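**Student:** Just the structure for this:
(chains A and B)
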Number of protein chains: 2
Amino acid sequence: MVKKITSILVLRLLALGATISALVVTVTTHDSRHVFNLTFKASYTNAPTLRYFVVVNAIASGYSIIVLLIPSKNFLWKFILISDLIVTSMLVSGISAALGVAQVGKKGNAHAGWLPICDQVPKFCDRLTGALIAGFIAPILYLVLVLFSIHNLINLLSVKA
Amino acid sequence: MVKKITSILVLRLLALGATISALVVTVTTHDSRHVFNLTFKASYTNAPTLRYFVVVNAIASGYSIIVLLIPSKNFLWKFILISDLIVTSMLVSGISAALGVAQVGKKGNAHAGWLPICDQVPKFCDRLTGALIAGFIAPILYLVLVLFSIHNLINLLSVKA
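**Tutor:** Numbers count the residues shown, from 1 in each chain, chains lettered A, B, ... in the order given. This next block holds a predicted model:
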């Protein structure tokens, strides 16, 4: 039982670390380049999908902190599996949208006439890659948490059957 | 009990309808426009995120059909909640990535120098919007299915406690 609680605690702390890293790195990443008379500025605020990624990771970080602070005998634990599931879906959605647009930023799309931007703002792309890796790990950890909870629920049911 | 099974069956059939619609509409949508000497072709095959969206909806459709065909007393039902959860995550990921890139297609991104393409290929954008709506409904239906299963599991546990 203690081993189970420790595993869940470690998973929650790791997920919190991942979402906070994704959030902080994305928000603090800026780069700019001057091409002729134009200044080319790269920031998460310029892309709706990256703003969404930031919001999702901020909500998940806040949620993780709240869950870590809930006393063990609180009635709210009844709803933890469902809220974990919703946060997992949000994190999956955030990283998928961000990766979709990051792929265009990296490779461009010749058919749509969209040029890649990473040659122009390499610092932005490098740091964003780190944020996306952290943002990719977070929903995996949450998915493991949800699967773990379901597994425990099914086990409990088998014992009581 | 019969009411519950009917609700689940209806949800699964609706989800199958949504994923098949998203799949078929995306795959069959093409448009092209000639600008000067250039031919501007729009198809899901030109965007990796839309290809991913198609693959995810194809897998989910196949999965939905298999689940509908599994006999009610098969041992595989034990794993249905976990497989439903994985399919839900895949569908959330697919629609989020597709929506992220569709937003760029619709609005462009002035900071990155990416022009919107929907003025050039309106037929493609209109039909793709339909596919994205279907692709948005599918993970919601699957999420409801998963929440329903968790609710039943918790209820069962309360009854046996």
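
**Student:** these two touch, right, residue A:137 and residue A:19?
**Tutor:** No - the pair residue A:137 / residue A:19 is not scored as a contact, 9.2 Å apart, by Cβ atoms under 8 Å. C-betas here are computed from N, CA, C, even on glycine.

**Student:** Give me the more crowded residue out of those two.
**Tutor:** Neighbours per residue, other Cβ atoms under 10 Å in any protein chain shown: of residue A:137 and residue A:19, the larger number sits with residue A:19, 30 against 19.

**Student:** which stretch of helix or strand covers that one?
**Tutor:** Residue A:19 is part of helix A:2-28, with elements assigned from DSSP states H and E.

**Student:** Give me the contact list for the helix or strand just after that helix.
**Tutor:** Proceeding N to C from helix A:2-28, the next assigned helix or strand is strand A:30-35, under DSSP H and E. With Cβ atoms under 8 Å, 6 or more residues apart in numbering or on different chains as the test, strand A:30-35 has contacts from A:39-43, A:120-124.

**Student:** Could you say which helix or strand holds residue A:40?
**Tutor:** Residue A:40 belongs to strand A:38-43, assigned by DSSP H and E.

**Student:** in stretch A:71-83, what counts as buried?
**Tutor:** A:80-82 (16 or more other Cβ atoms under 10 Å in any protein chain shown).

**Student:** Just those residues: which are in helices?
**Tutor:** Members of those lying in helices (criterion: DSSP state H): A:80-82.

**Student:** Would you mind trimming the residues you listed to those in range of chain B?
**Tutor:** Contacts with chain B within these, as defined by Cβ under 8 Å from any Cβ of the partner chain: A:81-82.

**Student:** got the ones in helices among the buried residues of stretch A:71-83 as TSV, with pLDDT and distance to residue A:5 columns?
**Tutor:** What follows is these, written out as TSV (pLDDT from 0 to 100; distance: Cβ to Cβ, whole Å):
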residue	pLDDT	distance to residue A:5
A:80	90	13
A:81	91	15
A:82	91	20
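
**Student:** between the helix or strand where residue A:146 lies and strand A:38-43, how big is the angle?
**Tutor:** Element membership for residue A:146, per DSSP H and E: helix A:122-160. Per axes from the mean of the first three to the mean of the last three Cα atoms, to 10 degrees, the angle that helix A:122-160 makes with strand A:38-43 is 20 degrees.

**Student:** wait, does helix A:122-160 contact chain B?
**Tutor:** Yes - Helix A:122-160 lies within reach of chain B by Cβ under 8 Å from any Cβ, at A:139, A:143, A:146-147, A:150, A:153-154, A:156-157, A:160.

**Student:** From these, list the buried ones, please.
**Tutor:** For those, a burial check counting by 16+ other Cβ under 10 Å picks out A:139, A:143, A:146, A:150, A:153-154.

**Student:** where does chain A have low pLDDT?
**Tutor:** A:1, A:160-161 (pLDDT under 70).

**Student:** who's in contact with the spatially most central residue of it?
**Tutor:** Using Cα atoms, centre = their mean, the residue of chain A that lies closest to the mean C-alpha position is residue A:135, 3.4 Å off. Residue A:135 sits next to A:18-19, A:22, A:26, A:53, A:57, A:91, A:94-95, A:98 when contact means Cβ under 8 Å, 6+ apart.

**Student:** do residue A:99 as well
**Tutor:** Counting by Cβ under 8 Å, 6+ apart, the residues that residue A:99 touches are A:132, A:136, B:97.

**Student:** Can you check my assumption that it lies in a helix?
**Tutor:** Yes - counting by DSSP: H, G, I helix; E, B strand; the rest coil, residue A:99 is found in a helix.

**Student:** Flag every buried residue along the helix or strand just after the strand holding residue A:40.
**Tutor:** Later in the chain than strand A:38-43, the nearest helix or strand by DSSP H and E is helix A:48-69. Going by neighbour count (16+ other Cβ under 10 Å), the buried part of helix A:48-69 is A:48-50, A:52-54, A:56-57, A:59-61, A:63-64, A:67.

**Student:** What are the contacting residues of helix A:48-69?
**Tutor:** For helix A:48-69, contacts defined as Cβ under 8 Å, 6+ apart pick out A:9, A:12-13, A:15-16, A:19-20, A:22-23, A:26-27, A:44-45, A:80, A:83, A:87, A:90-91, A:93-95, A:97-98, A:100-101, A:128, A:135, A:138, A:142, B:100, B:103, B:107.
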